[in-house]
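Peer 1: Here is my input; please provide its structure:
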Amino acid sequence: MDFCDNTTIPTYFSYVNNEGIESQKTYYKYFVPILIIGCVISVTLNALLVIVGHTKTVNKSPILVLSLNLATTDSLASIFIATGLVVNSYLPVVLEVNMGRSQCTLLIIEIFRLSSLIASAMHLLSLALVHYKGIVKPLHYSYISSAILFKG
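Peer 2: Okay, here's the model as predicted:
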């Protein structure tokens, strides 16, 4: 695979110009930790929501199941975003740490990050579809909510 060798990947991750590197370090030094704290708060609140949602309810509606799945995928997305921020931005730019890792590792982290964002978007779409079906066909909502697809 020609995308994973050490000669072509640095061109994708190189800086456009060398004049703004110091300001970029300053921005990364202050804003990346704020974003990481936001990701940690998101993971904590979503994990709390999933734990409370699974323990406190006996009969789970499709909307509750989809909401809990959305909270889980949002937690995973926040974990992958925070990992990407640390590995791709903070360590190489601010701390100038060369971890000696393969460039394919960066691409794998991006694949997981984008996949979790797509999964979150699909959960939102299915949640919107269930709400739409409940509004358009309110008499058929009990049939929709008892479908095998939403049994959890």
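
Peer 1: Check which helices and strands the longest helix anywhere in the chain sits against.
Peer 2: Counting by DSSP state H, the longest helix found in the chain is helix 21-56. Judged by 3 or more C-beta pairs under 8 Å, 6 or more residues apart in numbering; DSSP states H and E, helix 21-56 is in contact with helix 62-84. No exception for glycine: its C-beta is placed from N, CA and C like everyone else's.

Peer 1: Just the angle for the helix it packs on relative to helix 21-56, thanks.
Peer 2: Interaxial angle, helix 62-84 versus helix 21-56 (axes from the mean of the first three to the mean of the last three C-alpha atoms, to 10 degrees): 150 degrees.

Peer 1: Can you dump the C-alpha atoms of helix 62-84 in CSV for me?
Peer 2: Taking Å, rounded to 0.1, in the frame of the first residue of the first chain, the C-alpha atoms of helix 62-84 are listed here in CSV:
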residue,chain,number,x,y,z
PRO,A,62,-37.6,2.3,21.0
ILE,A,63,-36.8,5.9,21.6
LEU,A,64,-35.1,5.1,24.9
VAL,A,65,-33.1,2.3,23.3
LEU,A,66,-32.0,4.5,20.4
SER,A,67,-31.2,7.3,22.8
LEU,A,68,-29.0,5.0,24.9
ASN,A,69,-27.3,3.7,21.8
LEU,A,70,-26.7,7.3,20.7
ALA,A,71,-25.2,8.1,24.1
THR,A,72,-22.9,5.1,23.7
THR,A,73,-21.7,6.1,20.2
ASP,A,74,-21.2,9.7,21.3
SER,A,75,-19.0,8.4,24.1
LEU,A,76,-17.0,6.4,21.7
ALA,A,77,-16.7,9.4,19.3
SER,A,78,-15.5,11.6,22.2
ILE,A,79,-12.9,9.0,23.1
PHE,A,80,-11.6,8.8,19.6
ILE,A,81,-11.7,12.6,19.1
ALA,A,82,-9.6,13.1,22.3
THR,A,83,-7.2,10.4,21.3
GLY,A,84,-6.8,12.0,17.9
